[in-house]
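Novice: just coords:
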């Protein structure tokens, strides 16, 4: 069965050892300087899924997905230096996706020919970043094959609501359930890919805030795990 981004990031993970997992996962504080999508106000879908289809396990996996996206964009945190470090090889250094976006803009501003070796180096690193993103999210997948058609339709509906509310019809996120989803993602520039990850991250953040029942379930399990 095809594993697309939509079914990877919104999971029904009932098979995980939840108590152990949640004890090591810090809750992400979400601040909205941008326009936030309030799913509850825009649709009754949340009322049908909050605390049921989207439960504490889904909240945990969404938080993990947000963390994975941040690692691709800004690097992995070095516990000793407390600084983020890149993972993708560009010439003689390790860089982040953010670094690749800056490099891409520099090459474009300099009208660098497409045949220049620097473009080849950048595209190789960019492909590595996309591979890493796909790998990180697939690692979060737990039994998504068991989801019903109704569950998937509701999740697609939530993505559609977000895209319309945020005016993201040109975003790669709008292509999340299409047959050419992977092809378009790998054809995207560094800037387009970075924007897609931002859109995906914001979708998850807004969904978490809108699912108050599931969020409360998650916070309760966090407290229980911390007490053990």
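Specialist: Looks like it arrived, so ask away. Only a predicted model underlies this, so the values are computations on that prediction, with no experimental measurement involved.
Novice: that's a helix at residue 125, yeah?
Specialist: Yes - looking at residue 125 with DSSP: H, G, I helix; E, B strand; the rest coil, it is inside a helix.
Novice: That one: what's it in contact with?
Specialist: When contacts are counted by CB atoms under 8 Å, 6 or more residues apart in numbering, residue 125 touches 88-90, 95, 100. (Each C-beta comes from the backbone N, C-alpha and C, glycine too.)
Novice: The same query, at a cut-off of 10 Å, please.
Specialist: Residue 125 is in contact with 86-91, 93-97, 99-100, 103, 190, counting by CB atoms under 10 Å, 6 or more residues apart in numbering.
Novice: do the same with residue 211
Specialist: With CB under 10 Å, 6+ apart, residue 211 has these contacts: 39-40, 46, 49-51, 53-56, 58-59, 62, 158, 217-218.
Novice: ok, now with 7 Å
Specialist: 46, 50, 54 (CB atoms under 7 Å, 6 or more residues apart in numbering).
Novice: and the gap between it and residue 36?
Specialist: Residue 211 is 14 Å from residue 36, where distance means CB to CB, to the nearest Å.
Novice: which neighbours do those two share?
Specialist: What both residue 211 and residue 36 touch, as defined by CB under 7 Å, 6+ apart, is an empty set.
Novice: returning to what we had before: go through the contacts of residue 211 and name the one nearest residue 122.
Specialist: Using CB to CB, residue 54 comes nearest to residue 122 of the contacts of residue 211, at 37.8 Å.
Novice: Could you report the neighbour count for that closest one?
Specialist: Neighbour count of residue 54, defined by other CB atoms under 10 Å: 29.
Novice: what about stretch 62-78, distance to the chain center?
Specialist: Averaging C-alpha positions (CA atoms, centre = their mean, to the nearest Å) puts stretch 62-78 8 Å from its chain's average.
Novice: list the buried ones in it?
Specialist: 62-66, 68-73, 75 (16 or more other CB atoms under 10 Å).
Novice: got JSON lines for the contacts of residue 211, with pLDDT too?
Specialist: Output for these, formatted as JSON lines (pLDDT from 0 to 100):
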{"residue": "46", "pLDDT": "90"}
{"residue": "50", "pLDDT": "91"}
{"residue": "54", "pLDDT": "87"}
